[in-house]
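*Asks:* Prediction below, plus the sequence it came from.
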Amino acid sequence: MMNTTLQRWLRRCALFATALLLSACAATPAATKTPPADLIAINRQAVDALLHGAPLDLSQPMLVASFVNLDVLTESSRLGRLFSEQVCGRLVNRGYPVIELKLRDKLFIKHSEGALLLSRELRDISRSHHAQAVVVGTYTASTQFLYLSLKLVGGEQGNLVLAAHDYAIPLDANVRALLVN
């Protein structure tokens, strides 16, 4: 009789412990949900890394092109245009003069793409705007990350890459939404 009572008690304890563990496991994903990436901070850090040691003159202007899709270099997205705006803002905050491309009429600007600078036109555009360099960026998405390359290109030097920085951000729902035109 004692043995049966002890067995029931042990079963109840095991059932209670199992229920407690399962409820804790169910709550864990919500508690550990990763917040969206801070795109502004990430792009500021990328610009700072790009500028580190870059041979630039603070008195000479620069241009910033829209980030483009690495697979189709003539296409950008809301993300590409947003990132170029953030890069431009960081450069200006660091004391670099940046020419606003959206106000120029002699530059290839496709409404849904932004300011695209094709390599064959880079030197001419740099000269016409008296820009010492152009910041260009590319992006490509994998299943979990968005990979970005940021380059500082000297147009007067025959499209010579003066500095480069690569970085990646998690491909969360926020970033996916920005990849759409």
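*Replies:* That came in fine, so what should we check first?
*Asks:* those strands in the chain, which residues are they?
*Replies:* 62-64, 68-69, 109-110, 114-115, 133-141, 145-154, 160-170 (DSSP state E).
*Asks:* which strands and helices sit next to the second one?
*Replies:* I take that to be strand 68-69. Packing partners of strand 68-69 (3 or more C-beta pairs under 8 Å, 6 or more residues apart in numbering; DSSP states H and E): strand 133-141. (Each C-beta comes from the backbone N, C-alpha and C, glycine too.)
*Asks:* Just want the angle from the strand it packs on to strand 160-170.
*Replies:* 30 degrees (axes from the mean of the first three to the mean of the last three C-alpha atoms, to 10 degrees).
*Asks:* So which residues make contact with strand 133-141?
*Replies:* 50, 56, 62-71, 73, 79-80, 83-84, 87, 91, 117, 122, 125-126, 146-155, 162, 171, 179 (C-beta atoms under 8 Å, 6 or more residues apart in numbering).
*Asks:* Look at residue 118 and report its pLDDT.
*Replies:* On pLDDT, residue 118 comes in at 49.
*Asks:* Can you find the helix or strand of the protein with the lowest average pLDDT?
*Replies:* strand 114-115 (a mean of 45; mean pLDDT, DSSP states H and E).
*Asks:* any low-confidence regions in this structure?
*Replies:* Applying pLDDT under 70 to the chain flags residues 1-2, 9, 13-32, 102-129, 155-158.
*Asks:* All set, thanks.
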